[in-house]
Every structure is written in C-alpha cells, then in structure tokens.
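Peer 1: only geometry, no sequence info:
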C-alpha cells in the first residue's frame, strides 16, 4: 500500500494549471452556485454569535414510508453532492435532510470559530429539532462519517440506524505516525489550494486515477469558493476544520455505538488523512479508510461491513445507482 501511495503522488502532473485560470468565483458561501433543491436556512446562536446553516429538505416523491434520512457531507463535499442519493431515497418514500455544516459551503464561516465535532453535532441536532425530525437514519460520508459517529454517540436515542460511508476517524492517524500540523501549517497548505490541486488530489486518492467529466462540477464548486474575493474566509475555515479532523477521531469510542451500524466502504479508497506528510518510514503504519474499516467493523457491537469492490472514496459520486441500491438495502428494516 505505501508503494501505491508514493507512486500516486506523481499523478498531479497530468492535471494542468489551466483549470485554476478558468475557475469562476462563486463566493465564500457559494452565493453563485445553484443547489439541486430549494434551500432552507437555520439560524441559531453558537460561541456567542449567530450562525446560519443551510440545508436541503426533500420530501418523498413516492408514497411516504414515514422515515427520515439525514445525509452528512465530507470535507471536500457539500449537501449538493448528495443529489443522486437524495433523489434515489425520495423515490423510495424517504424524507431526506442534507445540511451544510458550519464552516462549509453555503453555511456560516465565523471568524476565529473553534470547530469541534461536539459543536457540529449539537447544531445538527438543533436543526433537526426545527425541522421536526426527532429520530432519523443517519448517513455520513468521509468527515461527515466522523461527525455522524460523534452525533450517534451523543444522541443515541435519536438514531435508529447509522451508516458510515468511507468515514474518517476510524483510526487515530496522529497515533499511527502523522505529524501534528498547527494552524499556521494548515493555512499555508490551504493557500496553495486551487482547481488543479483539488482535481489532482481527488484523482489519485478518491477515483484511483480514473476521471470522469461529471466530477468537474464538484471541483468547480470547491475551487469557486477559494477563487472568490473573500476566499481567505474559506481558507481559514478549512484550516480549522482540518485541525478538528486530525485531533478528534472516534476510534477509541466505537464500541459504545449501540444502534445498528453499516459501514459502506469503497475498497479502492486511498484516503489516510495527511498521511503524505509523515516520514516515509512511518507511512506503512498509517491505515487507509478501507484498512481501518476492517478493524472498526469488529469493534462496533452491531456492525455490518459492506465492501464496494472497484470503487473509491466517494461511491455516491462515482457510481450513484450502485450506491443508492446498496444504501437502500442497508437501511431497509
């Protein structure tokens, strides 16, 4: 596995810098990016100030089954990237709620905000209260999977079933050898982020070297935030969120999850958060998401592991029909 990761690091050469030059500024809060369903706003107080969370609330397009599915996005994603999943679930009779977390996409990015999974979980719970969704099926992808696990640990009575899709946090990457990065280091990395770097990272890590035109929309979405006049707001938020991810894994608490848990894992995912910053001698110890999921499935009392062969970090984007079919099977009583 380390040899594969090292080889992959050479791939960005195939992604030209012209992508950055063609980026359309979309605003720090994606003001100029259209979402696939009507947008709702939830405003509340947090850390002494008002914050606003954007979210999608999609009604069933078939006879309602009375269940609500909540979809939590990852760090390089937004509520909009659940488009195909939302449609597929609505067609099966589910109500679907997909929020943009604080610090992301169309939601607030307060200056100096201290991001934590506990805060995000509490804000999400308050949003669901406002939406009248008391007990839900909770689905989290990547960083959203890390948040979903924390939510389920804090509010177990509100989660009927937990689904983790290629989640982060199943292993403690700092303990495995990734060096801690302070905000200065993380901000410096964010300063270099543009369309070309986003595409290069996703190509080698998420999509195992196989790019499709459908992915370009999501690169443009992310890059459009960074390229905006207020892009530094995005860079600061993303640096702070990276600090949250590296320091707040849920690995040690997995045995406390009491509800049924499905891990849906694309087996070609090379994601291991910031593993490329570790000395070469340590990289073999840093587990990728699929590797960490194998142990996690054994430690979670009521877990089932669903391996998606041939797919990477984002199966809901890479193979929407397969993913929706798999997810619907996992959450059907």
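Peer 2: On my side now, so go ahead. Note that the coordinates shown come from a computational prediction; the quantities given were computed from them, not determined experimentally.
Peer 1: all strands for the stretch 51-200 of the chain, in order.
Peer 2: 68-72, 95-99, 136-141, 159-165 (DSSP state E, counting those that start in this stretch).
Peer 1: With distance to residue 111 added, can I get those strands in CSV?
Peer 2: C-betas here are computed from N, CA, C, even on glycine. CSV is the format used below for these (distance: least, CB to CB, whole Å):
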stretch, distance to residue 111
strand 68-72, 24
strand 95-99, 21
strand 136-141, 27
strand 159-165, 32
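Peer 1: Compare these and give me the one nearest residue 199.
Peer 2: Shortest distance between residue 199 and those, using CB to CB, is found for strand 136-141: 19.1 Å.
Peer 1: Partner strands of the closest one, with direction?
Peer 2: Paired strands of strand 136-141, with direction, are strand 68-72 (parallel), strand 159-165 (parallel) (DSSP bridges).
Peer 1: Could you tell me which residues within that strand count as buried?
Peer 2: Using 16 or more other CB atoms under 10 Å as the test for burial, strand 136-141 gives 136, 137, 138, 139, 140, 141.
Peer 1: Could you point out which of the strands paired with strand 136-141 sits nearest residue 106?
Peer 2: Per CB to CB, nearest to residue 106 of the strands paired with strand 136-141: strand 68-72, 14.9 Å.
Peer 1: which residues are contacting that closest one?
Peer 2: Here strand 68-72 makes contact (CB atoms under 8 Å, 6 or more residues apart in numbering) with 79, 82, 85-86, 89, 94-99, 101, 124, 128, 133, 135-141, 144-145, 147-148, 151, 331.
Peer 1: 7 Å - rerun?
Peer 2: Residues outside strand 68-72 that contact it (CB atoms under 7 Å, 6 or more residues apart in numbering): 82, 85, 89, 94-98, 128, 133, 136-141, 144, 147-148, 331.
Peer 1: The residue lying closest to residue 256 once chain neighbours are set aside - how many residues pack around it?
Peer 2: Leaving aside its chain neighbours, residue 256 sits nearest to residue 153 (6.0 Å; criterion: CB to CB, 6 or more residues apart in numbering). Neighbour count for residue 153, taken as other CB atoms under 10 Å: 19.
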